[in-house]
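Colleague: Build me a structure from this.
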Amino acid sequence: MDSCRALMLKVERSICCCGCACLSHTFCLSLPGAQGQFPIVQNMTVTEGGIANLTCRVEHNDNTSLQWSNPAQQTLFFGDKKALRDNRIELVRATSQELTISISEVTLADEGMYTCSLFTMPVKTARAFLTVLGVPKKPEINGLTKPVMEGDQITLTCVTSGSKPAADVRWFKNEKEIKGAKEVNASGKTFTVKSSLQLQVNRHDDGMAYTCRVDHVALTATHEEITQVLEVHYAPYVEIKHSIPAPLEGQYLKLECVPHGNPSPDPVLWTKDGGELPDLERVIVEGRELTFMALNKTDNGTYRCEATNHLGTSHAEYKLVVKDPNALPGPPDHALIGGIVAVVVFATLCLIIVLGRYLARHKGTYLTNEAKGADDAPDADTAIINADGNHAHAEEKKEYFI
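Modeller: Predicted coordinates for the structure are as follows:
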C-alpha cells in the first residue's frame, strides 16, 4: 500500500511542467517568462528616402530568440543574425528583450506589414505597419507661351506627380490666392495632381506673377512652388505732362510725352498744328521731351505726340496758349477795398442817426380808455396824430409813443 502511494506521488510531481508551480494534484500557475507574453511593436510612418527604425520588445525573456520579417515574410534578422542580403537593412540593437533594425533609403515598395516573432512554444507574433509617404515632385506650369497678345485667352496648368497621399495644389496671383480647377489621378501607389487657370489676358496682366504652390505632409517645413511672369504685348496709349499749368511769355516750359505699350513705343514723334516743329534754338526736342526755353506768343498752337509699336499707333495733344503777363488782372488793391468798406460803414451810421432824430420829432398819440369814454370825444376809436398841436379839450388825457 505504501509503495502504491509513492508511485502516485511521483506521477503527480511529473505533471508539473517547467515554469509552473504545483498547487494541487491537477493545477499549475504560470511563472513570469517568455511563455506568457507577446512582443510589443509600433506602427511607423516615414518619408520616401528616409530611415525607418523597427523595434520589437518583450518585458521578460528566457533567452528565446526574436525575429523580424518583411511583408513578403522574408526573414530580415533572427536575433543578431542577418538573414536577407540588403545593404539598406542594418542591425541597431539585439538583446534578449529587444530587437531593433533600420531600413535606410526607404522606397514605396518597402511599405507594408512587418512581423516580429517570439520563438516560444507556440510562436507568438506582433505586427507593425510601415507607411511610406511619397514626396511630390517640383511642380511645372504648362500652357504659357511668351509673349501673350492682349485679348488672348490662355490656360495655365500646374502639374506635380509622385505624391502619396495626393498633394494640395494652390494658385497665387501676386501673392493673393486664386482658385483653380483641380484634377487628381492615381498612378500605382502615387498620385498626379493638376490644377488649371483660364485667363482672358489684358494689358494689366503684363508683369503679373502667377505662382503654383504644392503643399504635402512629406514637405514638413516648406513647400514646392514655381512662378511664371506674364509678358503681354499691347498697342500703345499716350499722355502728355506739362511743367506749368498756365504758361506766360518768357517762361520755361517742358512737355513730356509718356507712351505706354509693350513693346515700348520708342522713339516718339512731335508735331505742331499737323506739321513739323519750328526750327528755333529756344525750342529743343530731346527724346520724349519738348522744351521751350523762353515762351512767346508765336509758340501758340496744338502740339501732338505720336507713339507706335507693331500693334498700333496712338497720340495725345496739348494746346499751348501763351499769355501776356501784363494783360493779366493784377492782385486786388487792398487799400481800395479798405476805403470802400469805410465809406459804407460811415453811410450806415449817418442813416441810423438821421432815422433816430426823425422818429424822436414825430411822436404819435392815441386816446386812452378814459378818453374813449368822454361824451365830447368826437371819435373815441380814432388816434389823434400830431400831439404837439392845440386841442379844444385840454382835459383829455393823452399818451405818447415813439
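
Colleague: what's the average pLDDT for the longest helix along the chain?
Modeller: Using DSSP state H to define each element, the chain has its longest helix at helix 334-361. Mean pLDDT, computed over helix 334-361, is 79.

Colleague: Would you check how far apart Asp324 and Lys297 are?
Modeller: Per C-beta to C-beta, to the nearest Å, Asp324 is found 8 Å from Lys297. C-beta here means a position set from N, CA and C on the backbone, and glycine is covered the same way.

Colleague: need the strands for the stretch 251-400 of the chain, in chain order.
Modeller: For the stretch 251-400 of the chain, the strands defined by DSSP state E, counting those that start in this stretch cover 253-262, 269-272, 283-286, 289-292, 301-309, 312-320, 364-367, 398-401.

Colleague: Flag the shaky bits of the stretch 1-150 of the chain, pLDDT-wise.
Modeller: Along the stretch 1-150 of the chain, segments meeting pLDDT under 70 span 1-36.

Colleague: quick one: the longest helix of the chain to chain centroid distance?
Modeller: Centroid separation for helix 334-361 versus its chain: 70 Å, with C-alpha atoms, centre = their mean, to the nearest Å.

Colleague: What is that helix packed up against?
Modeller: Helices and strands touching helix 334-361, as assessed by 3 or more C-beta pairs under 8 Å, 6 or more residues apart in numbering; DSSP states H and E, are absent.

Colleague: that older thread, any chance of JSON lines for the strands of the stretch 251-400 of the chain, columns mean neighbour count?
Modeller: Listed next are those as JSON lines, based on neighbours: other C-beta atoms under 10 Å:
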{"stretch": "strand 253-262", "mean neighbour count": "19"}
{"stretch": "strand 269-272", "mean neighbour count": "16"}
{"stretch": "strand 283-286", "mean neighbour count": "13"}
{"stretch": "strand 289-292", "mean neighbour count": "18"}
{"stretch": "strand 301-309", "mean neighbour count": "19"}
{"stretch": "strand 312-320", "mean neighbour count": "15"}
{"stretch": "strand 364-367", "mean neighbour count": "17"}
{"stretch": "strand 398-401", "mean neighbour count": "11"}
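
Colleague: Now mean pLDDT too, for those strands, in CSV please.
Modeller: CSV is the format used below for those (pLDDT from 0 to 100):
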stretch, mean pLDDT
strand 253-262, 95
strand 269-272, 94
strand 283-286, 92
strand 289-292, 95
strand 301-309, 95
strand 312-320, 95
strand 364-367, 44
strand 398-401, 41
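
Colleague: Check whether Lys137 really touches Thr160, as I assumed.
Modeller: Yes: using C-beta atoms under 8 Å, Lys137 is in contact with Thr160, at 5.8 Å.

Colleague: quick one: common contacting residues for those two?
Modeller: Counting by C-beta atoms under 8 Å, 6 or more residues apart in numbering, the residues touching both Lys137 and Thr160 are Glu224.

Colleague: who has more neighbours, those two?
Modeller: When Lys137 and Thr160 are compared for neighbours, Thr160 comes out ahead with 24 against 16, by other C-beta atoms under 10 Å.

Colleague: re earlier: anything in contact with each of Asp324 and Lys297?
Modeller: Common contacts of Asp324 and Lys297 (C-beta under 8 Å, 6+ apart): Glu249.

Colleague: could you dump the strands of the stretch 251-400 of the chain to JSON lines with distance to Gly79?
Modeller: Output for these, formatted as JSON lines (distance: least, C-beta to C-beta, whole Å):
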{"stretch": "strand 253-262", "distance to Gly79": "74"}
{"stretch": "strand 269-272", "distance to Gly79": "92"}
{"stretch": "strand 283-286", "distance to Gly79": "91"}
{"stretch": "strand 289-292", "distance to Gly79": "90"}
{"stretch": "strand 301-309", "distance to Gly79": "80"}
{"stretch": "strand 312-320", "distance to Gly79": "84"}
{"stretch": "strand 364-367", "distance to Gly79": "139"}
{"stretch": "strand 398-401", "distance to Gly79": "136"}
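
Colleague: Among the ones you listed, which comes closest to Lys176?
Modeller: Closest to Lys176 of the strands of the stretch 251-400 of the chain, according to C-beta to C-beta: strand 253-262, at 22.8 Å.

Colleague: for the closest one, the distance to its chain's centre please.
Modeller: In terms of C-alpha atoms, centre = their mean, the centre of strand 253-262 is set 33 Å apart from its chain centre.

Colleague: for it, packing partners?
Modeller: By 3+ C-beta pairs under 8 Å, 6+ apart, strand 253-262 packs against strand 232-242, strand 289-292, strand 301-309, strand 312-320.

Colleague: and of these, who's closest to Tyr252?
Modeller: Where the helices and strands packed on strand 253-262 are weighed against each other on C-beta to C-beta, the nearest is strand 289-292, at 6.9 Å.

Colleague: Just checking: what are the partner strands of that closest one?
Modeller: strand 253-262 (antiparallel), strand 283-286 (antiparallel) (DSSP bridges).

Colleague: now the longest one and strand 312-320, what's the angle there?
Modeller: Relative orientation of strand 253-262 versus strand 312-320 (axes from the mean of the first three to the mean of the last three C-alpha atoms, to 10 degrees): 160 degrees.

Colleague: Tell me which residues are up against strand 253-262.
Modeller: Strand 253-262 is contacted by residues 147, 203, 206, 231-244, 247, 265-266, 268, 270, 288-292, 295, 303, 305, 307, 309, 311, 314, 316, 318, 320 when judged by C-beta under 8 Å, 6+ apart.
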